[in-house]
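A.B. asks: This is the structure alone, sequence omitted:
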């Protein structure tokens with residue numbers, strides 16, 4: 001392990017000007033210099049402007065993309081976002097409950113979409129029912145909800161042709177490869193993959209729980 005000195009300190013890029021020095025001091029690390037850096041901190045080691053970074057990490061994707069890994073014992077602080085509200089304000093303050101409803105709806109929609117992938121496939125067939133039967137014959141194609149099968153209208157030699165269908169299905173990211181292979185197995189000629197950001201529902205469980213606690 002390198003021996004850091006005053007002339008050659010450990011260079012740390014971070015946006016946490018208080019937590020960084022505090023963590024280093026508590027762990028007995030001396031000869032450390034800090035820089036805030038500009039832009040993406042994860043690029044600092046590759047650019048040669050820092051030896052390590054101290055940053056907020058959620059999934060670790062950015063670390064892997066930049067060939068970085070978490071140092072063992074290097075967790076400075078574990079945190080989570082919490083929505084806090086006054087029971088009195090929610091009940092009596094005009095607009096407070098409605099705003100909270102919107103926030104919870106957005107949070108629920110995002111959380112429901114985490115890890116889910118939208119897959120759209122095109123397949124030839126004789127009818128919606130025939131394509132659906134082929135679809136349900138595969139093990140991983142049930143999706144977040146039942147898949148949608150729709151007829152695709154196209155022209156061939158000036159005539160309307162109705163022998164193609166589109167399939168829309170939400171699948172877990174970990175099942176993406178097997179789902180695509182099964183779609184190909186039932187005759188899909190083209191597969192389009194999109195990352196989901198939100199999955200909206202008519203109402204959210206957290207909203208119902210909040211109303212129950214408020215006695216509304």
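C.D. replies: Okay, I see it. Predicted model, so just to flag it, every value in this text is computed and none were measured.

A.B. asks: Please state the mean pLDDT value computed over stretch 181-196.
C.D. replies: On average, the pLDDT along stretch 181-196 is 88.

A.B. asks: any idea how far that stretch is from the chain center?
C.D. replies: Counting by C-alpha atoms, centre = their mean, to the nearest Å, stretch 181-196 is centred 21 Å from the centre of its parent chain.

A.B. asks: for stretch 3-22, the distance to its chain's centre please.
C.D. replies: Offset of stretch 3-22 from its chain centre (C-alpha atoms, centre = their mean): 31 Å.

A.B. asks: Ok, stretch 58-71 next?
C.D. replies: 15 Å.

A.B. asks: residues near residue 86, how many?
C.D. replies: 10 (other C-beta atoms under 10 Å). (C-beta placed from N, C-alpha, C; glycine too.)

A.B. asks: in this protein, which spans are helices?
C.D. replies: All helices of the chain, identified by DSSP state H, fall at 19-26, 44-47, 61-65, 87-92, 96-113, 128-136, 176-185, 205-214.

A.B. asks: Name the surrounding residues that touch the first one.
C.D. replies: For helix 19-26, contacts defined as C-beta atoms under 8 Å, 6 or more residues apart in numbering pick out 12, 14, 32, 34, 54, 76-77.

A.B. asks: And the buried ones among those residues, selectable in ChimeraX?
C.D. replies: Only the buried entries of the contacts of helix 19-26 go into this ChimeraX selection, using 16 or more other C-beta atoms under 10 Å:
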select :12,14,32,34,54,76
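
A.B. asks: Okay, buried residues for stretch 198-210 please.
C.D. replies: By neighbour count on 16+ other C-beta under 10 Å, the buried set for stretch 198-210 is 199, 204, 206-207, 210.

A.B. asks: Likewise for stretch 190-200?
C.D. replies: Residues of stretch 190-200 classed as buried: 191, 196, 199 (neighbour count, 16+ other C-beta under 10 Å).

A.B. asks: quick one: contacts for the first one?
C.D. replies: Applying C-beta under 8 Å, 6+ apart to residue 191 gives the contacts 119-122, 180, 183-184.

A.B. asks: low-confidence ranges in the protein?
C.D. replies: The model of the chain has pLDDT under 70 over residues 1-2, 37-39, 139-145.

A.B. asks: and the longest strand for it?
C.D. replies: strand 159-172 (DSSP state E).

A.B. asks: what about the residue nearest to residue 76 when sequence neighbours are not counted, how many residues close to it?
C.D. replies: Spatial nearest neighbour of residue 76, chain neighbours left out: residue 23 (4.7 Å); criterion: C-beta to C-beta, 6 or more residues apart in numbering. The local packing of residue 23 (other C-beta under 10 Å) involves 19 other residues.

A.B. asks: again with residue 13
C.D. replies: Neighbour tally, residue 13, other C-beta under 10 Å: 24.

A.B. asks: Bridged to it, which residues?
C.D. replies: Note on residue 13: beta-bridge partners residue 35, residue 53, judged by DSSP bridges.

A.B. asks: mind checking how far the residue nearest the centre of the chain is from residue 56?
C.D. replies: A centroid search over the chain (C-alpha atoms, centre = their mean) returns residue 114, at 4.3 Å, as the residue closest to the centre. Separation of residue 114 from residue 56 (C-beta to C-beta, to the nearest Å): 17 Å.

A.B. asks: Brilliant, that's me finished.
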